[in-house]
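**Q** sequence first, predicted coordinates after that:
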Amino acid sequence: MGITKSEHFTNEQNELATLAKAIGHPARIAIIQHLIKVNSCVCGDIVNELPLAQPTVSQHLKELKNAGLIKGNFEGNAICYCLNEEGFNKIKGFFQHINTYLENKKNQCC
């Protein structure tokens with residue numbers, strides 16, 4: 001994020017931006033929805049769920065993992081993925097903060 005001067009923003013702001021960027025692609029939303037649907041760790045069948053090539057799916061999984069939204073563990077030759085609750089709790093907290101503001105605002109602006 002060098003050009004955006006990320007050092008001028010708080011760690012929380014930078015982290016939330018990373019999380020938002022990670023979920024800012026429809027393929028990544030589809031991966032998250034699939035992990036929710038199967039309600040367990042997934043090893044490999046994510047490729048069968050998306051209309052994308054395996055390397056592309058792997059890149060999306062890498063982005064989600066780097067952002068802290070999924071976890072991956074090796075099981076034999078495969079990596080099994082599941083949601084990382086910690087990352088989603090940060091997003092949830094951010095939106096709860098916005099929701100509280102909107103509930104208390106009572107149209108005092110614009």
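**A** Received it, and whenever you're ready, just let me know what you need.
**Q** hmm, R28 is touching N66, no?
**A** No: contact criterion C-beta atoms under 8 Å: R28 and N66 do not qualify, at 11.5 Å. All C-beta spots, glycine's among them, are computed from the backbone N, C-alpha and C.
**Q** which residues are in contact with both of these two?
**A** A22 (C-beta atoms under 8 Å, 6 or more residues apart in numbering).
**Q** which one of the two has more residues nearby?
**A** R28 (19 against 11; other C-beta atoms under 10 Å).
**Q** not counting sequence-adjacent ones, nearest residue to that one?
**A** For R28, ignoring the flanking residues on the chain, the nearest one in space by C-beta to C-beta, 6 or more residues apart in numbering is H60 at 5.2 Å.
**Q** and that neighbour, how many neighbours?
**A** H60, neighbours per other C-beta under 10 Å, totals 21.
**Q** can you check the pLDDT for it?
**A** In the predicted model, H60 carries a pLDDT score of 95.
**Q** measure it to V47 for me?
**A** Counting by C-beta to C-beta, to the nearest Å, the separation of H60 from V47 is 11 Å.
**Q** quick one: the strands in the protein?
**A** For the chain, the strands defined by DSSP state E occupy 70-75, 78-83.
**Q** so the last one versus strand 70-75, what angle?
**A** With axes from the mean of the first three to the mean of the last three C-alpha atoms, to 10 degrees defining the directions, strand 78-83 sits at 150 degrees from strand 70-75.
**Q** so for strand 78-83, what gets flagged as buried?
**A** Applying a neighbour-count criterion of 16 or more other C-beta atoms under 10 Å, one finds 79, 81, 83 buried in strand 78-83.
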